[in-house]
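# quick one, fold the following:
(chains A and B)
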Amino acid sequence: MSGPKYGKYGGQFVPEILMPALEELEEGYEKYRNDPEFLKELDYYLKDFAGRETPLYYAKNMSKKYGVKIYLKREDLVHGGAHKLNNTIGQALLAKYMGKTRLVAETGAGQHGTATAMAGTNMGFQTHVYMGAKDTVRQRMNVYRMELMGATVHPVESGSKTLKDAINEALRDWVSNVENTHYLIGSVVGPHPYPMMVRDFQSVIGNEVKQQIMEKEGRYPDSIVACTGGGSNAMGIFHPFVEDKEVDLVAVEAGGSGMKQTEKAALHSASLSVGEDGVLQGARTRILQDRYGQILESSSVSAGLDYSGVGPELAYLADIGRITPRVANDDMALNAFHELSLMEGIIPALESSHAVAHVMEAAESGDLGELVVINLSGRGDKDLEAVRKIDLGE
Amino acid sequence: MKLSTKFNELKGKNEAALLSYVCAGDPDIESTPGIVDALIKGGADIIELGLPFSDPVADGPTIQEASERALKAGMNPDRYFELVASLDVDVPLVCMTYYNLVFQRGLDSFVEDCVNSGISGLIIPDLPAEESEDLAKACANKDIDLIFLISPVTTDERIKMILEKCSGFVYIVSRLGVTGARSDVTDATAQILSRVKTDVPKAVGFGISNGDQASRVVSAGADGVIVGSAFVDIIASGENVNQRLEELAKDIKDGCRTN
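All right, here's what the predicted structure looks like:
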């Protein structure tokens, strides 16, 4: 088990009032993570409720066009349409074992909120989801999905009205209701033990890839490419391969509308690529900030990548050169969204489209090697309305 | 002035301290000196001046909005220290801010700027004792007090650990939640006060907004009361601000003279 730190990153930078809750969570996770009963139940949920394992699909048309073998890890086929459910099942089950009755969560694109609502309602929790007011508009259908499953969605009007502000509000809710509530963080961010715990629950992705690629190709891939906002799908697929140095791990961030920033906001969300060392929302990591340390608003066409920070373990792995940060901008992602839909009959989430876009750009250079796995972290249904509007120039 | 000097002085007079929080630069930088004067005139013994952060997770909407107004008005750490240095006051000043601003300026530089501008203590609500070693060292070198919070859910074990690191005063959170004026000051206050056994002065905050509540907190054994959101509400209203701040400070300070 990793400690609270990844090199200089990580830690627990939270109000004192939350420290006992983090201690309790650490103890709870330590107690149940290897408990046979817990693991059996987790396995049951992952298999029978979430629909694991997900296929590793050989993208034959895309492979032909780009001249490398490309496999897609089909997290878009998980119940709910994204990898997020792997983690929410794990944490909700843990919360149940720990005797909590209420879940709070933050959500950007709405995928994590939806996945929390799914796990929460199934396991009998009262679920409250905080979502930036701006995101509730651009991801209206996900708000409806959450409400259908009995969750209460709270639009957050403060700050930039996006994911960062939703996290602030969820933290405040947790501070106020810490005794009966589990804060179900949706990515490998926040104070210890969240980055480690979320990574562990998401590692099911990489563990499956390891077996599947051996069966199909008899060897590990040359590169694994995953989009990275907070970085949960990236850590999930990367983690089992971290010790396998021959596999390049490529984290693709949202380049937004340009790699520039104004006084208060960045036009992108590339905290791993160009962010600086700082402390945000419970952890020391790389963040988008001004020279005084005020957090810059981030920007991306995909709500799920629109975040000013990144998981501390990713920051560490980037520092030691184990992962390679790359950037794909909005236009590249939109193009990949269309191209994959046309080529393979698979509509990717805008988040995942960033990973696809990078492969489309980099395949010819030879940098990715001959055998590439893309983590197709989610499906694009939630983005149809947004993309349609952009296509029509609305 | 040092915090311990002030608390000793008040102890001699058998009264508790009024620690008043406002956000520097709210609603604009020019207003802050007048606001501070009004609070002191009303009886504030210690002024906590917030250095606004973009993402204040430990604060409720009242102080978050104050932070947003101050940032919009152009408040930043450079201007903050200039402003503090320009204040002509004879009460201790405490800087309250979030860790990233301290971290970004450099711990030693930040503490140096505190000393040079006349700040006696630091409260960093998102820096728990476990993560505080480096800043504690920087503060100890310059004789700046580093103040920690204790909440009703803090275990006895943690209380002990926190008290070992805390100087100036210990900030006791009277209830769960974020900052914000509330009408109830519960029994939890007396309970938590009895669990914190220390010679360091105990100041109770969160939810205190009038003299009556202050008086009850002081009766329960507090050496000081911390009031923030109630003052910030007045600033936010924009009406007769300085006069009303002075009146409210006076009311609460009267409550501090209970014993």
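# please count neighbours and contacts with C-alpha atoms only from this point.
Will do.
# CA atoms only: put the worst-scoring helix or strand of chain A on mean pLDDT into PDB for me.
For chain A, using mean pLDDT, DSSP states H and E, the weakest element among its helices and strands is helix A:163-176, scoring a mean of 85. What follows is the C-alpha trace of helix A:163-176 in PDB, where atoms were taken according to Å, rounded to 0.1, in the frame of the first residue of the first chain:
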ATOM      1  CA  LEU A 163     -16.000  20.900 -11.400                       C
ATOM      2  CA  LYS A 164     -13.600  22.700  -9.100                       C
ATOM      3  CA  ASP A 165     -16.400  24.600  -7.500                       C
ATOM      4  CA  ALA A 166     -18.600  21.400  -7.300                       C
ATOM      5  CA  ILE A 167     -15.700  19.800  -5.300                       C
ATOM      6  CA  ASN A 168     -15.600  22.800  -3.000                       C
ATOM      7  CA  GLU A 169     -19.300  22.400  -2.300                       C
ATOM      8  CA  ALA A 170     -19.100  18.700  -1.800                       C
ATOM      9  CA  LEU A 171     -16.300  19.100   0.600                       C
ATOM     10  CA  ARG A 172     -18.400  21.600   2.600                       C
ATOM     11  CA  ASP A 173     -21.300  19.200   2.700                       C
ATOM     12  CA  TRP A 174     -19.000  16.500   4.000                       C
ATOM     13  CA  VAL A 175     -17.600  18.900   6.600                       C
ATOM     14  CA  SER A 176     -21.100  19.600   7.800                       C
END
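# following it, which helix or strand shows up next?
Helices and strands here follow DSSP states H and E; after helix A:163-176, the next one along the chain is strand A:181-183.
# which pLDDT value belongs to A:Val104?
Among the per-residue scores, A:Val104 holds a pLDDT of 97.
# can you tell me the element it falls in?
Under the criterion of DSSP H and E, A:Val104 resides in strand A:102-107.
# a helix runs through A:Asn86, doesn't it?
Yes - the assignment for A:Asn86, made by DSSP: H, G, I helix; E, B strand; the rest coil, places it in a helix.
# so what's the residue lying closest to B:Glu15 once chain neighbours are set aside up against?
Spatial nearest neighbour of B:Glu15, chain neighbours left out: B:Arg257 (4.7 Å); criterion: C-alpha to C-alpha, 6 or more residues apart in numbering or on different chains. For B:Arg257, the contacting residues are B:14-16, B:215, taking C-alpha atoms under 8 Å, 6 or more residues apart in numbering or on different chains as the criterion.
# I'd like to know which helix or strand in chain B has the lowest mean pLDDT.
Ranked by mean pLDDT, DSSP H and E, the weakest helix or strand in chain B is helix B:188-195, scoring a mean of 89.
# can that helix be said to contact chain A?
No - residues of helix B:188-195 contacting chain A under C-alpha under 8 Å from any C-alpha of the partner chain: none, with a closest distance of 12.9 Å.
# pull up the pairing partners for the helix or strand just after that helix, direction included.
In the C-terminal direction, the helix or strand that comes right after helix B:188-195 (DSSP H and E) is strand B:202-205. Based on DSSP bridges, the pairing partners of strand B:202-205 within the sheet are strand B:170-173 (parallel), strand B:224-227 (parallel).
# average pLDDT for strand B:202-205?
Taken as a whole, strand B:202-205 has a mean pLDDT of 96.
# where does the chain have low pLDDT?
I went with chain A, as the question did not name one. Judged by pLDDT under 70, chain A has its weakly predicted residues at A:1-3.
# switch to chain B, please.
Low-confidence segments of chain B (pLDDT under 70): B:176-186, B:259.
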